[in-house]
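# 3D model of this:
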Amino acid sequence: MKTEGDVPRSPGPTEVPRSEAREAAVREVEYAPFPRVRRGEGWGRGFTRDLSRGGACLRTPAPVEAGSLLRVIVHGPDGSTALDSVGRVVWCRETAEGECRMGLSWLAARPGARRRRGSRPVEPTDSGSAPA
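Numbers count the residues shown, from 1 in each chain. So this is what the prediction gives:
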């Protein structure tokens, strides 16, 4: 049985070995339901725990239902937009500390956002576009 923080957990039936290396990286993120269908659906803020070419683990203040689609903007260390992508929430768990952790699988990067090939999962772009 694996443990995460003080919350014991068992591997779920959908968890499979990762094919891509993860980079332990703390980056600020903004996220919103995708597509946004109601005016009141605002942006949430959180932080990454790790990033890979295939997805990310996020720390957020509120849970998001597994299967949900999110538009996620990952900011680089300098605050620029490093990645603007759509991801599917694969899992979401609340921790003993009262925060939520969720695993995302990237579905598509938006135009203007780039992913670098090689060891680093994301690279800042020249456009400092804000969330729309």
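
# For the helix or strand where residue 71 lies, name the packing helices and strands.
Per DSSP states H and E, residue 71 falls inside strand 69-75. Counting contacts by 3 or more CB pairs under 8 Å, 6 or more residues apart in numbering; DSSP states H and E, strand 69-75 is packed against strand 28-33, strand 55-60, strand 81-94, strand 100-109. All C-beta spots, glycine's among them, are computed from the backbone N, C-alpha and C.

# how many neighbours does residue 98 have?
7 (other CB atoms under 10 Å).

# and the gap between it and residue 72?
The spacing between residue 98 and residue 72, counted by CB to CB, to the nearest Å, is 22 Å.

# Quick check: which ranges of the protein have low pLDDT?
Where the chain drops to pLDDT under 70, the residues are 1-19, 109-132.

# let's see 50
1-13, 111-112, 114-132 (pLDDT under 50).
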